[in-house]
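Asks: Provide a 3D model corresponding to the input given below.
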Amino acid sequence: MRADESDEVIVLGNEFAEIRVRRVETRNGSRLLIESPKSGHWVSLCPLELEALTWQGTQTFSAMIGKPNQPLIEEEP
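Replies: Numbering: from 1, shown residues only. Here you go, the predicted model:
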């Protein structure tokens with residue numbers, strides 16, 4: 001991803017995980033870049049995708065944690 005990166009990086013962690021979060025500017029506007037240094041996975045979320053997280057209940061997050069690296073909804077063949 002090519003983006004103008006903010007200098008400020010926020011690191012959050014506990015005994016289970018550690019992530020780095022920062023705002024990046026892309027040609028499509030600001031996004032939040034969330035990286036997992038341990039796994040090498042990352043995601044870049046726009047404001048609407050971030051707001052959609054607030055619509056979720058604890059069951060959604062429990063399902064994601066219970067099945068890491070798998071889709072929550074089966075894709076049709």
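Asks: hey, where'd the helices end up in this protein?
Replies: Per DSSP state H, the chain carries helices over the ranges 47-54, 58-66.
Asks: Would you mind listing the buried residues in the first one?
Replies: To tie it back to what came earlier, the one meant is helix 47-54. Using 16 or more other Cβ atoms under 10 Å as the test for burial, helix 47-54 gives no buried residues. In this view, the C-beta of every residue, glycine as well, is placed from N, C-alpha and C.
Asks: other SSEs contacting that helix?
Replies: Applying 3 or more Cβ pairs under 8 Å, 6 or more residues apart in numbering; DSSP states H and E, one finds that helix 47-54 contacts strand 29-35.
Asks: coming back round to it: among the helices of the chain, which is nearest S39?
Replies: Of all the helices of the chain, it is helix 58-66 that lies closest to S39, at 13.7 Å by Cβ to Cβ.
Asks: From the chain's centre, how far out is that closest one? Work that out for me.
Replies: Computed by Cα atoms, centre = their mean, to the nearest Å, the chain-centroid distance of helix 58-66 equals 14 Å.
Asks: just the CA coordinates of it, formatted as CSV?
Replies: Extracted as CSV, the C-alpha positions of helix 58-66 are listed here (Å, rounded to 0.1, in the frame of the first residue of the first chain):
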residue,chain,number,x,y,z
THR,A,58,-19.9,-9.2,21.4
GLN,A,59,-21.0,-12.4,19.6
THR,A,60,-19.5,-11.2,16.3
PHE,A,61,-16.1,-10.6,17.9
SER,A,62,-16.3,-13.9,19.8
ALA,A,63,-16.9,-15.7,16.5
MET,A,64,-13.9,-14.0,14.9
ILE,A,65,-11.6,-14.9,17.8
GLY,A,66,-13.0,-18.4,17.9
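Asks: okay, the angle between it and helix 47-54?
Replies: For helix 58-66 against helix 47-54, the angle by axes from the mean of the first three to the mean of the last three Cα atoms, to 10 degrees is 100 degrees.
Asks: Show me what the mean pLDDT comes to for helix 58-66.
Replies: Averaging pLDDT along helix 58-66 gives 87.
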